[in-house]
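*Asks:* Make a model of this:
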Amino acid sequence: MTERPQEILHLVEPRDPHADPGADLGLPVVLNLNDGNSPADVMDVLSLRPFASGEQPWSRSTQLDQVKSDAPLRPAAARVIRTAHEKGKESVLYEGDGWTLLTNRWKHGSAYVAVSAVSDELAREVLDECVRDATEPPKEDESAVQMGFWHLGGRGPIRSERTISADDWTEIRRNYTAPVAAALDQVMGLTREEVAGRLLLLHGPPGTGKTTALRALARSWNAWCQSDCVLDPEALFGAPGYLMQVAVGEGDDDDNRRWRLLVLEDCDELIRGEAKDAAGQGLSRLLNLTDGMLGQGRDVLVAITTNEDLARLHPAVVRPGRCLAQIEVGPLTRPEALAWLDEGAEDGAEDTAGTAGTARIGPGGATLAELVALRKGEVRPAIESAPATDTGFYL
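*Replies:* Got it, this is the predicted structure:
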């Protein structure tokens, strides 16, 4: 099948040689479109014409969230040039005296507004009028925490930030066996002045709530500590440039700068006993970040989760003094597990476990994941979790 040639749209002709030399750049503008472009794509292109030609060389734009349904997003004197409706999106192109405006509005409440104008002052005035009283006031959500997510892209380290939901520690404390809850009580209540040690280690079987505890920690420390999750820790400690960007970042002379918590999940290969042979310099760089030259002068903490048993971890990782806290997160004991199910039923949570479900909890207790499955009525073999061991903890 022969591909159709691309249609070329000439939006601006060369200027009149007798025109004012300062009127525009005097260059033709060629913008390409083909039959794969939608009407909204055409409007995006048309909105760029005055800016590209130099007729309106100043541009300002903004992204809005929680836009009011009745917000006009345009000045009162705007003249409609084009409109386009796509699934979940409305695009409108306006013009006024010396300016052009494009608005893209989505049904979920966000919008993009872009203005080009003959002067920066006019572009600012038009944009300000568009966005004035256009959004709902932000809703207070104490469970919302901003967390950064790092990964190594094709052009270097990339950090994106998103809002995550995190439970208050007091609301989820019952999800942990008593020694673990007591250890986490101390960690959750720390202030920046009380930090001693740069490594927080949570280890234990899957399903015991290690990640949930770290989300609660991000919320508890939110006033003084920014939390970042590294999605590719093996790449982080394998590429010095990546590590420098994530751990050191830009210099900051502000005395009130926030600490940074780097969350590394499931780093078994990095910190187990044979880690130095298996992972090259990764372990050395981790230790250097926590209490070596790299970590000096930077307010950085590292939180690591692993499913490995404590005995299999590298002794350099777990030595006293390096760890802010080293906590083995195990299953709830059988009495704690039964109390967890009973408390959930009292709170009105759907509980389909019943007597048969509680009978399935063996003498070794149950993990949080197993209890949630029981509450939902999932059929599983009898739970025979190993008894929880004592929790190691350093402060």
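
*Asks:* Can you tell me which residue is spatially central in the chain?
*Replies:* Arg162 (3.2 Å; CA atoms, centre = their mean).

*Asks:* Pairing partners for the helix or strand where it lies, with directions?
*Replies:* For Arg162, the host element (DSSP states H and E) is strand 156-165. Applying DSSP bridges, strand 156-165 is found paired with strand 144-153 (antiparallel).

*Asks:* on that earlier part again, could you tell me the per-residue confidence at the residue nearest to the centre of the chain?
*Replies:* Looking at Arg162, its pLDDT is 88.

*Asks:* My guess is it contacts Ala144. True?
*Replies:* No - if you go by CB atoms under 8 Å, Arg162 and Ala144 don't touch, sitting 10.3 Å apart. In this view, the C-beta of every residue, glycine as well, is placed from N, C-alpha and C.

*Asks:* what about the strands in the stretch 251-395 of the chain?
*Replies:* All strands of the stretch 251-395 of the chain, identified by DSSP state E, counting those that start in this stretch, fall at 259-264, 300-306, 323-328.

*Asks:* Which of these sits closest to Leu64?
*Replies:* strand 259-264 (29.2 Å; CB to CB).

*Asks:* what's the angle from that closest one to strand 300-306?
*Replies:* 20 degrees (axes from the mean of the first three to the mean of the last three CA atoms, to 10 degrees).

*Asks:* residue ranges for the helices of the stretch 101-250 of the chain, please.
*Replies:* 120-131, 169-172, 178-188, 210-220, 233-236, 240-247 (DSSP state H, counting those that start in this stretch).

*Asks:* Might you list the low-confidence residue ranges for the stretch 151-300 of the chain?
*Replies:* 249-256, 269-280, 291-298 (pLDDT under 70).

*Asks:* ok so, going back, I'd like the helices of the stretch 101-250 of the chain laid out as JSON lines, including mean neighbour count and distance to Leu152.
*Replies:* Listed next are those as JSON lines, based on neighbours: other CB atoms under 10 Å; distance: least, CB to CB, whole Å:
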{"stretch": "helix 120-131", "mean neighbour count": "18", "distance to Leu152": "36"}
{"stretch": "helix 169-172", "mean neighbour count": "15", "distance to Leu152": "32"}
{"stretch": "helix 178-188", "mean neighbour count": "18", "distance to Leu152": "29"}
{"stretch": "helix 210-220", "mean neighbour count": "21", "distance to Leu152": "22"}
{"stretch": "helix 233-236", "mean neighbour count": "20", "distance to Leu152": "5"}
{"stretch": "helix 240-247", "mean neighbour count": "17", "distance to Leu152": "5"}
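
*Asks:* Redo those helices as CSV? Include distance to Ser38.
*Replies:* Listed next are the helices of the stretch 101-250 of the chain as CSV, based on distance: least, CB to CB, whole Å:
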stretch, distance to Ser38
helix 120-131, 23
helix 169-172, 46
helix 178-188, 50
helix 210-220, 40
helix 233-236, 37
helix 240-247, 38
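
*Asks:* Glu55 is nearest to which of those?
*Replies:* Per CB to CB, nearest to Glu55 of those: helix 120-131, 12.7 Å.

*Asks:* what packs against the closest one?
*Replies:* Judged by 3 or more CB pairs under 8 Å, 6 or more residues apart in numbering; DSSP states H and E, the packing partners of helix 120-131 are strand 58-64, strand 99-106, strand 111-117.
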